[in-house]
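Novice: coordinates for the following, if possible.
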Amino acid sequence: MKQIVFLILGLTLFTQISAQDDPSTESKEVKMPELVLVFTKTAGFRHQSIEKGVQTFRELGRKNGFIALQTESGEDFTPQNLKNYKLIVFLNTTMDVLNDAQQKAFESYIKNGGSYLGVHAASDTEYDWPWYGKLVGGYFVSHPEQQKAKIDVLDKTHPSTAHLPDVWMHFDEWYNFKDLNPDVHVLLKLDESSYKGGINGDNHPIAWYHEYDGGRVFYTGLGHTEASYDEPEFRQHLLGAIEWCLKRK
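Specialist: Numbering: from 1, shown residues only. Take a look at the predicted model:
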């Protein structure tokens, strides 16, 4: 990704000039914004909300001191390129999006302390890659029609949920899951009695986090609709997840 090279050079030059122009910076280090890679490649269904989601990550970055860069290419998954990023986001990716070499590069990135944030269809991705299945925490199996559902907020100590009420009513496309990783820490759980089409029963997680193979991992099943990216509660949910993944909180 050539843009990353120019961006880093530009940021370095800007911070050097800023430090020279501002005497108050002489005694403190000038910190460059953290870089977040938003991966949106699809090899199956493509969500119309992807572009809106990318815009949201960019807006959150501008207001919160990180820079979100989008890619549709698996070719950006090389060891040399990934080391530039503090966080990799899989935003509504679908099916087989990385080849073997790219998968190994991503595994190495996580094992070296990198972070991953999966949004919605990130669980509808890479079914033949068991390591990824454990990372994301579960695979998509089906969904009913879009509808409003009751979400039980199980843990409000996490920055992604601290702002939420104990019960959150939200409209979205609600995934049913298979191969759920029992080692994740569940933050949000769906109440299947509040909508039609759930098949996971009493244990129907919809957002969770864990530390896996050396890195931080967060997944949210929300984020199908374009409208959700305009909702303050969901935007703060994403921002809290980002800040946790960036190890700010």
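Novice: surely Asn112 touches Phe106?
Specialist: No: checked against Cβ atoms under 8 Å, the pair Asn112 and Phe106 is beyond contact range at 10.8 Å. Yep, even glycine has a C-beta here, placed from its N, CA and C like the rest.
Novice: what about the two, which has more around it?
Specialist: Taking neighbours as other Cβ atoms under 10 Å, Asn112 and Phe106 compare with Phe106 leading, 26 against 12.
Novice: ok, and the closest non-adjacent residue to that one?
Specialist: In space, Phe106 comes closest to Phe77 once its chain neighbours are excluded; the distance is 5.5 Å by Cβ to Cβ, 6 or more residues apart in numbering.
Novice: that neighbour against Thr93, yeah?
Specialist: No: in this structure Phe77 lies outside contact range of Thr93 using Cβ under 8 Å: 11.8 Å.
Novice: more neighbours, these two?
Specialist: Between Phe77 and Thr93, counting by other Cβ under 10 Å, Thr93 is the more crowded of the two (28 against 23).
Novice: in terms of pLDDT, where does the more buried one sit?
Specialist: Listed pLDDT for Thr93 reads 99.
Novice: quick check, it in contact with Val38.
Specialist: No: judged on Cβ under 8 Å, Thr93 makes no contact with Val38 at a distance of 10.2 Å.
Novice: per-residue confidence at the most centrally placed residue in the chain?
Specialist: Nearest residue to the geometric centre of the chain (Cα atoms, centre = their mean): Leu117, 2.5 Å. Model confidence at Leu117, given as pLDDT, is 99.
Novice: which residues does the residue nearest to Glu233 when sequence neighbours are not counted contact?
Specialist: Spatial nearest neighbour of Glu233, chain neighbours left out: Leu164 (6.4 Å); criterion: Cβ to Cβ, 6+ apart. Counting by Cβ atoms under 8 Å, 6 or more residues apart in numbering, Leu164 touches 153, 156, 233, 237.
Novice: just say helix, strand or coil for the second one.
Specialist: Think Lys156. Secondary structure, DSSP: H, G, I helix; E, B strand; the rest coil: Lys156 is coil.
Novice: quick one: the closest residue to it other than its chain neighbours from Val153, how far?
Specialist: Of all residues not flanking Lys156 in the chain, Ala162 sits nearest, at 5.4 Å (Cβ to Cβ, 6+ apart). With distances taken as Cβ to Cβ, to the nearest Å, Ala162 is found 10 Å from Val153.
Novice: also Lys83?
Specialist: Following Cβ to Cβ, the distance that separates Lys83 from Val153 is 35 Å.
Novice: looking at the two, which has the bigger crowd around it?
Specialist: Legend: neighbour count by other Cβ under 10 Å for Lys83 and Val153, higher for Val153 (18 against 13).
Novice: can you pull the phi/psi pair for the residue nearest to the more buried one when sequence neighbours are not counted?
Specialist: The shortest distance from Val153 to any non-neighbouring residue, by Cβ to Cβ, 6+ apart, is to Leu164 (4.8 Å). With angles defined as degrees, to the nearest 10, Leu164 sits at phi -90, psi 150.
Novice: so where do the strands sit in the chain?
Specialist: 34-39, 66-71, 87-91, 115-119, 139-142, 147-153, 167-172, 176-178, 185-191, 205-212, 215-220 (DSSP state E).
Novice: okay, these in a markdown table with distance to Tyr132 next?
Specialist: Listed next are these as a markdown table, based on distance: least, Cβ to Cβ, whole Å:
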| stretch | distance to Tyr132 |
| --- | --- |
| strand 34-39 | 12 |
| strand 66-71 | 18 |
| strand 87-91 | 9 |
| strand 115-119 | 9 |
| strand 139-142 | 9 |
| strand 147-153 | 25 |
| strand 167-172 | 23 |
| strand 176-178 | 14 |
| strand 185-191 | 19 |
| strand 205-212 | 10 |
| strand 215-220 | 11 |
